[in-house]
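Asks: Okay, sequence plus prediction incoming.
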Amino acid sequence: MIVPTITTLGIQCSKCGELQFRAFSLFTFSHFTKESYYCACGALLLTISYIDKRTYSIEYPCIYCGESHFLLTKASELWSENILPLLCSNQELPIGYFGPKPLVVNHCQDIKKKFVQFVCQLVNDEDKESEFDIFFVVYAVMEKLSRMVDKGKLGCRCGNKNLAVEILPDRIELSCECCDALGIIHINNKSILYTLDNIGCIYLEENMTLFINDTLENWHLQ
Ligand SMILES: [Zn+2]
Ligand SMILES: [Zn+2]
Ligand SMILES: [Zn+2]
């Protein structure tokens, strides 16, 4: 049996949605106990911890859940002629793969496709040809909004915490049914995702419209 000494990781970044590839050598790997890898956008892709001679723990943030998943695996599965999938355990969807480069590159073609199919079902959009980037931003904004709801960080200054959410082709609208407050999140740009992460909360102003743009300086009321 030939044991490959190089393995390739292909993974979808949970922050920007882009596929990233890294190569790992079996030899350099035995020198550290824990190492993290980052996307070109700066977001964490994956952390590998060396547990013992044969066992590794892999932690990766998930695009679908907004949280991290863990996988315990063996060196023989990471450096193998077969492919090892990194899945979202909640949605059973692939986030990345370890394995020989040609196999990984091949399998990664499906990651974006499956993501678009998944989001199409959620937003009831029949147009399966829609751009990946648009779907990615819609999904990621919705995911961030639901996390704000969980933490009580989404609401209206009138006291209402239950805002209605509507997905439109170019924006997501938040509306308060207790007053006439409206929040318009522009989704034409991925940088809105970084802005939402930085502010962490949205409060609408009573009876006013809040425009939420990709840079904080552009936020304004009407
Ligand atoms: Zn990224
Ligand atoms: Zn997940
Ligand atoms: Zn209100």
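Replies: Great, that's in hand. In this text, all values refer to a predicted model and were calculated from it rather than measured experimentally. Numbers count the residues shown, from 1 in each chain. Ligands and ions are numbered 1, 2, ... in the order given.
Asks: what's the spacing between the spatially closest residue to Ile95 that is not a sequence neighbour and ligand 3?
Replies: Nearest non-adjacent residue to Ile95, counting by C-beta to C-beta, 6 or more residues apart in numbering: Leu86, 5.0 Å away. Placement of C-beta: from N, CA and C, glycine included. Using C-beta to the ion, to the nearest Å, Leu86 is found at 42 Å from ligand 3.
Asks: what comes up buried for stretch 161-180?
Replies: Within stretch 161-180, the residues scored as buried using 16 or more other C-beta atoms under 10 Å are 163, 165, 167, 171-172, 174-176, 179.
Asks: I'd like the average pLDDT over that stretch.
Replies: Across stretch 161-180, the average pLDDT comes to 92.
Asks: For it, measure first residue to last.
Replies: Terminal residues of stretch 161-180 are spaced 14 Å apart (C-alpha to C-alpha, to the nearest Å).
Asks: chain center to the helix or strand harbouring Thr47, what's the gap?
Replies: Taking DSSP states H and E as the definition, Thr47 sits inside strand 44-50. In terms of C-alpha atoms, centre = their mean, to the nearest Å, the centre of strand 44-50 is found 16 Å from the chain centre.
Asks: which other helices and strands contact it?
Replies: strand 6-12, strand 34-38, strand 55-61 (3 or more C-beta pairs under 8 Å, 6 or more residues apart in numbering; DSSP states H and E).
Asks: That strand to strand 6-12, inter-axis angle?
Replies: 140 degrees (axes from the mean of the first three to the mean of the last three C-alpha atoms, to 10 degrees).
Asks: Contacts for strand 44-50 next, please.
Replies: 9, 11, 13, 20, 22, 29-30, 32-39, 56-61, 86, 96 (C-beta atoms under 8 Å, 6 or more residues apart in numbering).
Asks: Give the buried subset of those as a ChimeraX selection command.
Replies: Per 16+ other C-beta under 10 Å, the buried members of the contacts of strand 44-50 correspond to this ChimeraX selection:
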select :9,11,13,20,29,39,56,58,60,61,86,96
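Asks: Would you mind listing what in the chain touches ligand 3?
Replies: Residues of the chain lying close to ligand 3 by C-beta under 5 Å from the ion are 156, 158, 160, 176, 178-179, 181.
Asks: so what secondary structure elements neighbour the longest helix along the chain?
Replies: In the chain, taking DSSP state H as the definition, the longest helix is helix 101-123. With contacts defined as 3+ C-beta pairs under 8 Å, 6+ apart, the packing partners of helix 101-123 are strand 6-12, strand 19-25, strand 93-99, helix 132-150.
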